[in-house]
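Asker: mind folding the following:
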Amino acid sequence: MESKDRLRDLDLAAARPFIDYPRTPWWYPVFMGWYFSSIAIALLRGSSGNLVAAAAVFAGAIVAVAAFVRWYRARWGTWPQMTAAPTEIRRAYRDFYVGVAVAVVLTAVVGLLAPGAVTVAVTFLVFTALIWAYERRIYPAACAEVRARLV
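Answerer: Model prediction:
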């Protein structure tokens, strides 16, 4: 075996945790839309002086996401570190975080200009769409690029 082949095999082995993973459930984007809209509800409740309700909604959302992460991590069997990600995967993460920043700014502007119910609805729709695009299009495309390069 040539050293070039060995290096490729090592790169592929290092990439496996990122490209061989269980797909998130169909309801995951909706779940994350609910999570982010729950955070919006908590912020709205807190800004109206209802701190107990805000804390309860916030805590409930955090517990739900933590339970999901625990379940998904157990199903996946690993939780790879971003520092070890192939370039294509890092690019997908970067694009996702840019999308999150845009979504946060958009929902914050809506929150300043529209009633609370509209803010929550927009937050749900924007984050559900973002998570769906990332989970069903952006990340799988990055995985395909890694496979094409290494396999």
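Asker: got the end-to-end distance for stretch 128-138?
Answerer: Using CA to CA, to the nearest Å, one end of stretch 128-138 lies 14 Å from the other.
Asker: pull out the buried residues from that stretch.
Answerer: Neighbour counts over stretch 128-138 (16 or more other CB atoms under 10 Å) mark 128, 130-132, 134-135, 138 as buried. Using the backbone N, CA and C atoms, a C-beta is placed for each residue, glycine as well.
Asker: tell me which of these fall in helices.
Answerer: Among the buried residues of stretch 128-138, the members found in helices (DSSP state H) are 128, 130-132.
Asker: closest one of those residues to residue 80?
Answerer: residue 131 (19.0 Å; CB to CB).
Asker: out of the buried residues of stretch 128-138, who's nearest residue 63?
Answerer: residue 131 (19.0 Å).
Asker: where does this structure have low pLDDT?
Answerer: Residue ranges of the chain with pLDDT under 70: 1.
Asker: what's near enough to touch the residue most central in space within the chain?
Answerer: Taking CA atoms, centre = their mean, the centroid of the chain lies closest to residue 131, which sits 5.8 Å from it. Residues near residue 131 by CB atoms under 8 Å, 6 or more residues apart in numbering: 28-29, 32-33.
Asker: could you dump the residues you listed to TSV with secondary structure?
Answerer: Listed next are the contacts of residue 131 as TSV, based on DSSP: H, G, I helix; E, B strand; the rest coil:
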residue	secondary structure
28	helix
29	helix
32	helix
33	helix
